[in-house]
Structure formats: structure tokens, C-alpha cells
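[1] Predicted model, plus sequence, below.
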Amino acid sequence: MQTDNDYDYPDSYYAETLGKTPMRPALMHPLDVDVCVIGAGLAGLTTALELLRKGKSVCVLEAKRVAWGASGRNGGFVNVGFAGSTTDMVKRLGHKNAAEAFQLSVDGVDYVRRQIKDLKMGDVLEGEGEFRVYRTDDAQAALRDCTNTKDISGDDLTYYDTGQTRAIMNSERYHHAVYDPRGFHIDPLKYCHGLAAEIERLGGHIFEGTKARDLTRSGTGWKITAHEAAISARHVVLCTSAYDFKLYPPVSRAMQPVATYVMVTDPMKDLLDQVISSNACIADTRRAGNYYRRLPDGRLLWGGRITTRQSEPFQLAQIMGRDMLSVYPQLSTAETSHAWAGLMGYALHSMPLIGQVENGLWMATAFGGHGLNTTAMAGFLIAGAISGDDNRYKLFAPYKRNWAGGPVGRAGVQAKYWAMQIQDWFDEKNQ
Ligand SMILES: Cc1cc2nc3c(=O)[nH]c(=O)nc-3n(C[C@H](O)[C@H](O)[C@H](O)COP(=O)(O)OP(=O)(O)OC[C@H]3O[C@@H](n4cnc5c(N)ncnc54)[C@H](O)[C@@H]3O)c2cc1C
């Protein structure tokens, strides 16, 4: 028996600042639409919005609340690129297609910025620019980062030496940095609510508390059973990410659910001014790295760690706080106000699964830890594909739905993470 509490957002800083929002009604009556989108995270919401803008009738089914999954819990970094490495992209796609796919990730960043402006989501944008900071004294690696970016996208990044880096991010752990002006950071939960409002303004339906339970072929389309009724749709788009492994296993079995964590401190503007003077988002280049950003009300949001365990670790706030102090011991008086976990979907190749699975059945999933721009990109690509005016989604066809290994694969992911941590530690110790 479900209760209202089952639909509450996790106890995050974002949920608290959003405040109480009324829950949308669940699906009670049959409906016939062009497209049924399953999952109201960033991927589902963007796909639905772009389909409506192309004149399709659309409904979105969400098991819990809009952006209840990773999309409403993430770090809020909107950056170019993918979770998979650019070097691997060039190897797999060839330089020309890799450059085109990479440009789509840049278009995804621009898309988010445009929605914030056009839909007047003023308080969603929280800071400009992105620093990638190096924990090893390897200037050549940072300079290579600049050259590789120029090669794949033609854009210029700025290199900061150790003195310049520490003048902005006052940590002895850091040696070099690269600044990317294209990145920015947002309140992701508010952004998703902005998209949802626009979907409804354009006549789309969003049903919350409506878990899609069954998906079957029906004539030339599909029948989706959810809550108290069924939907008939010409097309279905699966956007359930790591929060569903039952509805359509041929897609979900190609993913591993991977947890990652965020904490937010109490306001401490004066202290932060002395330690981190930039409002850009900041990520270190460890294989299993930390990412953080100043929030407009003087707090620090700190993210990091990955694990394959599904439950939230005991004393999460303390664990994350220790990670923060290992970089910035000056913040020892900081108090943590919130800490939470979220799940990401990862395919073995770490790249998104975007495309048509069967006739009229589409997937936009597995964005890993780099989903804010890539879900936007998937949204406009899938909407274009269903409308028949854009086939660029085919660029991602080489990223196949290979089985991710189930529980054994999960153990492998955890072992890989530990190995990455050891490698990071070793690199920093031996420089
Ligand atoms: C803690 C954390 C920090 C992150 N930080 C960043 C960052 O700073 N920058 C970045 O680019 N990326 C980041 N990511 C990754 C990014 O958040 C995700 O890649 C992205 O949000 C995935 O969006 P999605 O729509 O695919 O999935 P989700 O947001 O997980 O949405 C899936 C939705 O489907 C619903 N659902 C599941 N099954 C059903 C069903 N059967 N019927 C109906 N609904 C269903 C779920 O309830 C959920 O709302 C982070 C992720 C986490 C967890």
C-alpha cells in the first residue's frame, strides 16, 4: 500500500528550497497519444517538451514525482562532453563523427541555457564557468586537455599554473587548472519543474505517482499499463534510467545502477571567500573525483564518491565532510545541513543509450554522471527522430546495448572504483 510519503522528494537542499509543490494526479483514465514518455527526469522531460514543440500529443508517466531520480539530486554542473572519454569516442566513431557527437554535447549545454532564458527561470542559473583542477603536478596533462578540446570542438580553454590555481582554489592538493567558459551550474530540481510547467502549458500531460508496469505491442503502436488505466501510443520513449530494471529488460540489462553522493554546508560566505573565490563549478581530475560549487546563499555543495550499494551509507554527511576537509582543511568549522544519494545508469562503454529499440519504441538513458547536457541533447535528438526530421541520433548507434553483467557486473564496477581510488592515491603520492 503506497502512502503520500512514498512520493516525497529525498531530504535534499534542492527539495527544501523548492518548498512544497502539489502532486500531479495519477493516471486514472485511458488516453490515446502520439508519444508516451516513461520517466520524468531530465531525459523524459526534455524529450516530451521537444515533441510538443513539434506538434505531437504527449504524456509523461512518472512513478514518483517530477525529477525524483538523479535529475533532481545531482551536482547541477552543466558541462560539455559525455561520461565516456573523448579519446574513446574518437577511437570508436572516427574523428569526424566523434567531433559531430561532441558538438551535440555542446548543443546540449546551450539548450539548457536557452530554456532557462526563454522560459524565464531566473533563479535556476547559479554560476558561470567550470574549472578542472589537477591533483598531480602535471602541467603537460592540463595543456593537453586544452589542445584536445581545441581539436575536437575548436574551443579555447584557459590554462592556470599552480600559483594562479591556488589563488582561486586555495588548496595545497591542487597544482594546475583548466578553465572552460562554456560550463555553468544550476539548481536542477527547479529547472526540471520549469520544464514540466512548460510541457503542461503546451498541452502535454504529466502523471505523477504513475509507475508504468507493463509495455506491450498493440497494432502498429504500444499499450502501456500504469496505475489505474492504460495508454495507447504510436511511440514510447524509455527514460527510466537506474530506477527501473523490470519494465523493459532488453534496455535496462545494458546498465548498472551506480550511486553517488552530495552534501551541502550551512552558509559560510566569509569563510568561503577566503578559500574558494570563484563562483564557477569545480571538479578535480581524479578518476574517482570530487566536484563542488558555491551556492548563491553562501553554502558549499560538495559531491563525490561512487558505489554500487543501493542504500545510503551510514554517516554520509561525515564521510563527505571528511572528503571536503582533505582538500580544504580551512573549512573545519563548516556544518553540514544536507547530504543525500542518487542513482545513475551506466552502460559498459559509459556512453548514453540513445535510439530506436523496436519499431516505435525508443530509449534515452544511461547518461551516467554527465547527464545535464546529454539528456538535453537526447531530448532534441529523439524528438527529431520521431518527427522524422533529424537522424543524428544514429551517430550513437556504435554504442550498443551489451549486457552489463547483472550482479557480477555490479561487483566489477565496485572493484573498478576501488582500483581507481588506489591509482589516484598512488599517482598523487609518487609525483
Ligand atoms: C548525486 C548525483 C550527482 C550528479 N551530478 C551531475 C552533475 O553535476 N552534472 C551532470 O551532468 N550530471 C550529474 N549527474 C548525472 C545526472 O543527474 C543524470 O545523468 C541525469 O539526471 C539522468 O537523467 P534521467 O532522466 O536519465 O534519469 P532520472 O533523473 O534518474 O529519471 C528517471 C525517472 O524515471 C522514473 N521511473 C523509473 N521507472 C519508472 C516507471 N516504470 N514508470 C514511470 N516512471 C519511472 C523515476 O522515478 C525517475 O524520476 C549526477 C547524478 C547524481 C545521482
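    Cool, got the structure. Keep in mind that what you see is a predicted model, and the values were worked out from it rather than measured. Residues are numbered from 1 along each chain as shown.
[2] can you count the residues close to Ile386?
    24 (other CB atoms under 10 Å). Any C-beta I mention is one placed from the backbone N, CA and C, and that applies to glycine too.
[3] can you tell me which residues contact it?
    35, 51, 56, 235, 237, 362 (CB atoms under 8 Å, 6 or more residues apart in numbering).
[4] Contact partners for the spatially most central residue of the chain?
    Residue closest to the average C-alpha location in the chain (CA atoms, centre = their mean): Gly371, at 2.8 Å. Taking CB under 8 Å, 6+ apart as the contact definition, Gly371 lies against 42-43, 70-71, 74, 83, 344.
[5] rerun that using 10 Å as the cut-off
    41-43, 70-71, 74, 77-78, 82-83, 108, 188, 241, 344-345, 352, 365, 377-378 (CB atoms under 10 Å, 6 or more residues apart in numbering).
[6] Give me the buried positions along the strand or helix carrying Trp340.
    Assigned by DSSP states H and E, Trp340 belongs to strand 336-346. If you call a residue buried by 16 or more other CB atoms under 10 Å, then strand 336-346 has these buried ones: 336, 338-346.
[7] what sits against the nearest residue to Arg294 once chain neighbours are set aside?
    Sequence neighbours aside, Asn279 is the residue nearest to Arg294 in space, at 5.5 Å (criterion: CB to CB, 6 or more residues apart in numbering). Residues counted as contacts of Asn279 (CB under 10 Å, 6+ apart) are 126-129, 184-185, 293-296.
[8] what about Glu428, how many residues close to it?
    For Glu428, using other CB under 10 Å, the count is 14.
[9] sorry, back to before: reformat the contacts of Ile386 as TSV; add secondary structure, neighbour count and distance to Glu172.
    Listed next are the contacts of Ile386 as TSV, based on DSSP: H, G, I helix; E, B strand; the rest coil; neighbours: other CB atoms under 10 Å; distance: CB to CB, whole Å:
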residue	secondary structure	neighbour count	distance to Glu172
Val35	strand	29	53
Leu51	helix	29	50
Lys56	coil	18	55
His235	strand	22	54
Val237	strand	30	48
Trp362	strand	26	49
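[10] Identify, from the buried residues of strand 336-346, the entry nearest to the ligand.
    Gly342 (2.6 Å; CB to the nearest ligand atom).
[11] how much space between the closest one and Thr308?
    When distance is defined by CB to CB, to the nearest Å, Gly342 is 14 Å away from Thr308.
[12] Buried subset of the contacts of Asn279 as a PyMOL selection?
    The buried residues among those can be selected in PyMOL (16+ other CB under 10 Å) with this line:
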select buried, resi 126+127+129+184+185+293+294+295
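[13] and the stretch 101-250 of the chain, which residues reach the ligand?
    211-212, 239-241, 243-244, 247 (CB under 6 Å from any ligand atom).
[14] Cool, thanks, talk later.
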